[in-house]
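Novice: attaching a predicted model along with its sequence, questions to come.
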Amino acid sequence: MKSRRYTVVLTDRTSGVVRQFTLSAKPVIAVACAALTLPVLVGIGAAWKGRNDVAAVFAGYKALEAENSSYRQATDSLAGQISSLQAAVLDLGAQSALDPMLAQAMDRLPALVKARAMGGGSTDATPKSQEAYVQALTALTGPDDTFGLLRTLLEGLESRLVTVKGFVEKRNALAAATPSIWPANGWLTSTMGMREDPVTGADDFHAGLDIAAERGQPVYATAEGTVVGAEYHTDYGNLIVLNHGFGIETRYGHLSAFSVSKGQTVKRGDIIGRVGATGKATGPHLHYEVLAAGRLLNPLKLLTQQKPRDR
């Protein structure tokens, strides 16, 4: 069946020209349908694209949320490490405080004693050189790399603090073991070195200090240590020997009484006995000796602190 055809007549009223156009119905209907359908299709396409964009944004949001959660956890972990390091630094600062006079006494100890106490280790070792860290910083490509480097830095600092803490603990142990106070209140009547023996009158090497004091006056431990001897000796009379560790030993002679017994642990300033005149002595006084690494050491080199008060 032939499709209907339509004639369109256009007349120009001014010139009287008449133009005619013959159109088939089917193309006209097709064009009209296309004109009506196109906006609908465009709208459907836009709606579909919008839906896909929203889905992509939502997926991106979920990914960012998971990433942020991971970063929060990493940040909390780093904050915990930093807080722990701050506490460790404060504690280390408190531990490292040392009386200047005591530090001077420690410096005067023989090198062998100090080396034995400190173990010969170095506190200047670092897990990475500064140049290596600079190179690592320039190679960072994202937050994960940054957090990783921060963790490495903090772990390095923790390792460093452990090393320094070990050094401080060793130094404090040596400080506690350093004989640095006067063992008795009195008058220094004889120093270490050659002298005339007060009993025989012959030349004699005096191995320590003689401190004259009234009988019964307290005798103090000059450093932390353990009593390894508290007994009578022919020349020293009643003698107390303290082992302070690290090869350091002190001796207290001519005592009238013991205030400690063998095996007891004492602190610097504890009363360990009383001044007397037992053994080879011409009057009440304390004979005091210091040995370091098996050799006699002049006690005057270490007695930099004030005498303790009577208790």
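Specialist: Looks like it came in fine. Numbering: from 1, shown residues only.
Novice: please count neighbours and contacts with C-alpha atoms only from this point.
Specialist: Will do.
Novice: tell me the mean pLDDT for the helix or strand hosting Leu188?
Specialist: Secondary structure assignment for Leu188, by DSSP states H and E: strand 187-190. For strand 187-190, mean pLDDT is 92.
Novice: what does it contact?
Specialist: Leu209, Asp210, Ile211, Ala212, Ala213 (CA atoms under 8 Å, 6 or more residues apart in numbering).
Novice: care to break this protein down by domain?
Specialist: 1-96, 187-301 (automatic domain parsing).
Novice: what strands line up against the strand holding Leu188, and which way round?
Specialist: Strand 187-190 pairs in its sheet with strand 209-212 (antiparallel), by DSSP bridges.
Novice: what's next to the strand it pairs with, contact-wise?
Specialist: By CA under 8 Å, 6+ apart, strand 209-212 touches 184-192, 284-289, 299.
Novice: low-scoring stretches of the stretch 1-150 of the chain, by residue?
Specialist: 1-4, 6, 8, 21, 23, 25, 28, 66-90, 92-95, 120-149 (pLDDT under 70).
Novice: still on that earlier bit, just the contacts of strand 187-190 now: which is nearest Ile248?
Specialist: Distances from Ile248 to those, taken as CA to CA, are shortest for Leu209 (16.6 Å).
Novice: ok, back up a step: closest one to Ala56 out of the contacts of strand 187-190, please.
Specialist: Leu209 (89.7 Å).
Novice: can you report how many residues neighbour the closest one?
Specialist: Residues near Leu209, counting by other CA atoms under 10 Å, number 22.
Novice: list the buried residues in stretch 110-119.
Specialist: Val113, Lys114, Ala117, Met118 (16 or more other CA atoms under 10 Å).
Novice: so the second one belongs to a helix, correct?
Specialist: Yes. The secondary structure assignment for Lys114 places it in a helix, going by DSSP: H, G, I helix; E, B strand; the rest coil.
Novice: and it, what does it touch?
Specialist: Leu174, Phe246.
Novice: report the separation between it and His244.
Specialist: For Lys114, the distance to His244 equals 13 Å [CA to CA, to the nearest Å].
Novice: and for Cys33?
Specialist: 109 Å.
Novice: more crowded one of the two?
Specialist: His244 (26 against 11).
Novice: residues touching Leu239, list them.
Specialist: Counted by CA under 8 Å, 6+ apart, Leu239 has contacts Gly229, Ala230, Glu231, Tyr232, His233, Arg251, Tyr252, Gly253, His254, Leu255.
Novice: just the buried residues of those.
Specialist: Gly229, Ala230, Glu231, Tyr232, Arg251, Tyr252, Gly253, His254, Leu255.
Novice: out of those residues, which are inside strands?
Specialist: Among those, the residues falling in strands (DSSP state E) are Gly229, Ala230, Glu231, Tyr232, Arg251, Tyr252, Gly253, His254, Leu255.
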